[in-house]
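Q: Fold the stuff below for me.
(one chain, ligands or ions: 1)
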Amino acid sequence: METALLKSKQRMLDQLESPSILRLREPRNLFSLPRGRNSKLTPLWPIECEVIEDHIYHTEWVPPEPEPFYQPTGNEFAPEIVGESSGTVVFCIEPAITGTYFIASRVGGSRQPLKSAAVSLKDPEDTVLLFESRFESGNLQKAVRVGEYEYELTLRTDLYTSKHTQWYYFRVQNTRKDVKYRFTIVNLMKAKSLYNMGMKPLMYSQKDAESQGIGWRRVGNDIKYYKYNTEEGQTLYCLTWTVCFPNSYDTCYFAQFYPYTYSDLQNYLLTLVGNPLYSQYCKLRPLCNSLAGNIVYLLTITNPSKGVIAAAAKKAIILSARVHPGETNSSWVMRGFLDFIVSDAPDAHLLRDLFIFKVVPMLNPDGVIVGNYRCSLAGRDLNRNYRTELKESFPCIWYTRAMIKRVLEEREVLLYCDIHGHSRKNNIFMYGCNNKHAQNQLLHERIFPLMMSKNIPDKFCFNSCKFQVQKCKEGTGRVVMWRMGILNSYTMESTFSGSTLGAKSSCHFTFEDLKSLGYHVCDTLLDFCDPDRSKFQQCLLELTELLKQKIQTKLSELGKNMESTWSDISLSDVESSTSGSDSSQSDGPPAHLLKMVEKDCNEKKKKKKKKLLRTRKERNDLHQKLDVSHALKHKEKVLNRGEEEDRETWSHRLRPFPRPTARLLGWDQDARRGENTSNCQKCQAKQLHNNNHQTASCSIL
Ligand SMILES: [Zn+2]
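A: Numbers count the residues shown, from 1 in each chain. Here you go, the predicted model:
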């Protein structure tokens, strides 16, 4: 019997107890990361991707002065696109063939010898730029030289799709100093862009990094984003800018935003788990493997509790980032959050006492590695597929949802937040889900975002926050988690550009600004769960007043009298939805299954036309194929039903926050903390609590 029980590696018999009892083995530390010298986790690439061996590293540097937006003059030049007919192709990589889908992966991608994608220099005087993008997160498919210092650039669409061009990250070599170069990206697909609102491209000079420690900086002049119709009748958009390189014969990089690769994340996680202090309260586990076999990591961060009851009473906070690979902003916010929450700051200590943090820092490692903007290797936007039952096609989000379900079974989840980047709006803002059906929770979902805006008034814009749940957003993380019973379920967006508010107005965000946002999430969490509910109530009052004003405006627009009640008008009448978000429509099943369904439909059409009698074998084959298509639709239907049931199942968890515990009653509502979190000045009582932590046992939990 004992042997049979012990077959699982999870269980062990505790021989010290009498009689021996069966218990779960202590979780191991990061068993998936190899240890020792030279241990290096190498990303797995699809086998059709060519990858150069160079290891790309960028110095982290913050410009000493704020970087202002570009001020358009109105006379910016919009070059006509001439293409290969009048230009010379100087760089080209093979795109994935249209209609293909992910089959296999390996370290280093393709087995074939690396082809030279760029032209060679004819002589030392040759001024042609040497392009390269076949490195982690790189994206540039083609460069055409259309003048001595002018290039037309084509971005690679997301793998196995024909769209989602936005993210660019490439290298140029053989630069000349003080010469004006012009670059024009010719195949962007969004009509609106922050480049028309002052955003500048980012550039990195290898020589400046080595000699002066300078990192990424905003550059560019004559910046214009404009429409262009191709000869095939397709409407695309171009981004053009001019730039002078700081050095001759330099290696420089351009990017849509500060890059943050899967390797960057792994190196960071290794430093976390390598720290003996952090490892006491920060556990790293593989959540699952992505389609290509890369590990999706899960961090659990909490202080050890004093006993089982205290541990069970802890609420959970769930954070995730980088479901959209091109939104590197989210990784920098996540870095800032992790830096703070594992730190020795008293507030971090308090948060680890109060909560269990479940963190998925990179939801889509494959997309990040190959330089996609939005999709996974299933060729689909994962943030439209959180309801999926297709575990094999969408493992990263399937396992994330399953993990959250497990957490919900054992404790309340106070807040879920999926972190994103936004290409069409400035500032930082959040999307949430309107709890209008729960009268006692009315407007509560807006309190956390409002508190954020009060804590970072020069970056966070509450007016840009939206709370309507649109039908087309039913598959997003925030809506699915909300339907599972998480009242405060959010998407947090941070711009690729900068702020239009207060002291930061008209300046680009640096990656440090985004890291500080990670800290402000922690800071606001403490305000949000403050046992003295004054701040909470004050925010609720403000929100109620704001809504009343909106309703009155709407009523007067409609010509109704002011005495009409709230019930005369619904929230959706006075508020816009998240249609302004960086959204994409659901594209249906993953690329490889879509192929199967398409094939099936084509065959069906063909057969219908010919009206031929089928043999028994043909009929059986056809039924089998139809079953696949039907099963896909059926699974999604069942899941939709399941989500509704889940919502009912978890509705009992939508309970108000408990009354204050004695020790925390004295929080001073007026004292605001400074940025220096190691010196918590929130209030005396909180300090007292923190001091107690360091000196005596804490009775909060
Ligand atoms: Zn996004």
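Q: Around the residue lying closest to residue 427 once chain neighbours are set aside, count how many other residues there are.
A: The shortest distance from residue 427 to any non-neighbouring residue, by CB to CB, 6 or more residues apart in numbering, is to residue 461 (4.0 Å). Using the backbone N, CA and C atoms, a C-beta is placed for each residue, glycine as well. By other CB atoms under 10 Å, 21 other residues sit near residue 461.
Q: Contact partners for residue 461?
A: 426, 427, 428, 429, 453, 500, 501 (CB atoms under 8 Å, 6 or more residues apart in numbering).
Q: nearest to residue 366, of those residues?
A: Proximity of those to residue 366 (CB to CB) peaks at residue 428, which lies at 27.2 Å.
Q: could you list every residue that touches that closest one?
A: Residue 428 touches 452, 456, 459, 460, 461, 492, 493, 494, 495, 517, counting by CB under 8 Å, 6+ apart.
Q: Tell me where the stretch 501-650 of the chain is predicted with low confidence.
A: 560-587, 592-650 (pLDDT under 70).
Q: and the end-to-end length of stretch 174-186?
A: 23 Å (CA to CA, to the nearest Å).
Q: Which of the contacts of residue 428 fall in strands?
A: Among the contacts of residue 428, the members found in strands (DSSP state E) are 492, 493, 494, 495.
Q: Pick out whichever of these sits closest to residue 359.
A: For these, the nearest to residue 359 is residue 492 (13.7 Å; CB to CB).
Q: all helices for the stretch 301-450 of the chain, in order.
A: 308-313, 329-341, 346-354, 365-370, 395-410, 447-455 (DSSP state H, counting those that start in this stretch).
Q: List of residues touching the fifth one?
A: Outside helix 395-410, the residues that touch it by CB under 8 Å, 6+ apart are 287-291, 296, 298, 312, 316, 318, 320, 323, 356, 358, 360, 363-365, 376, 382-383, 385-386, 388-391, 413, 416, 477, 480-481, 484-486, 646, 650, 653.
Q: Give me the distance from it to the chain's centre.
A: 17 Å (CA atoms, centre = their mean, to the nearest Å).
Q: Counting neighbours, show which residues of it come out buried.
A: 395, 396, 397, 398, 399, 400, 401, 403, 404, 407, 408 (16 or more other CB atoms under 10 Å).
Q: just those residues now: which is nearest the ion?
A: Ranked by distance to the ion (CB to the ion), the buried residues of helix 395-410 are led by residue 397 at 13.2 Å.
Q: Could you check how far that closest one is from residue 518?
A: 22 Å (CB to CB, to the nearest Å).
Q: With residue 104 instead?
A: 36 Å.
Q: do the same with residue 216
A: According to CB to CB, residue 216 and residue 518 sit 19 Å apart.
Q: residue boundaries of the strands in the stretch 451-600 of the chain?
A: Secondary structure of the stretch 451-600 of the chain (DSSP state E, counting those that start in this stretch): strands at 489-495, 498-499, 507-508.
Q: Give me the mean pLDDT for the first one.
A: Right, strand 489-495. Summarised as a single mean, pLDDT over strand 489-495 is 97.
Q: Repeat that for the second one.
A: Taken as a whole, strand 498-499 has an average pLDDT of 97.
Q: And the contacts of that strand?
A: Contacts for strand 498-499 (CB under 8 Å, 6+ apart): 67, 69, 198-199, 426-427, 458-459, 504-509.
Q: Please list the residues of the stretch 251-400 of the chain that sit near the ion.
A: 324, 327 (CB under 5 Å from the ion).
Q: need the contact list for the residue of the stretch 251-400 of the chain found nearest the ion.
A: Closest to the ion within the stretch 251-400 of the chain is residue 324: 3.7 Å, counting by CB to the ion. By CB under 8 Å, 6+ apart, the contact list for residue 324 reads 330, 364, 367, 373, 374, 381, 383, 420, 421, 582.
Q: Spit out the contact partners of the residue of the stretch 151-300 of the chain found nearest the ion.
A: Closest contact between the stretch 151-300 of the chain and the ion, by CB to the ion, is at residue 166 (10.5 Å). Taking CB under 8 Å, 6+ apart as the criterion, residue 166 is in contact with 155, 188, 189, 190, 256, 326, 373, 374, 423.
Q: Kindly report the same for residue 267.
A: Residue 267 neighbours (CB under 8 Å, 6+ apart): none.
Q: Name the residues of the host helix or strand of it that come out as buried.
A: Here residue 267, judged by DSSP states H and E, is contained in helix 262-274. Of the residues in helix 262-274, 262, 263, 264, 265, 266, 268, 269, 270, 272, 273 count as buried by neighbour count, 16+ other CB under 10 Å.
Q: same check, this time on stretch 76-90
A: 76, 79, 81, 87, 89, 90.
Q: May I have the phi/psi pair for the second one?
A: Backbone geometry at residue 79, expressed as degrees, to the nearest 10, gives phi -60, psi 140.
Q: Brilliant, that's me finished.
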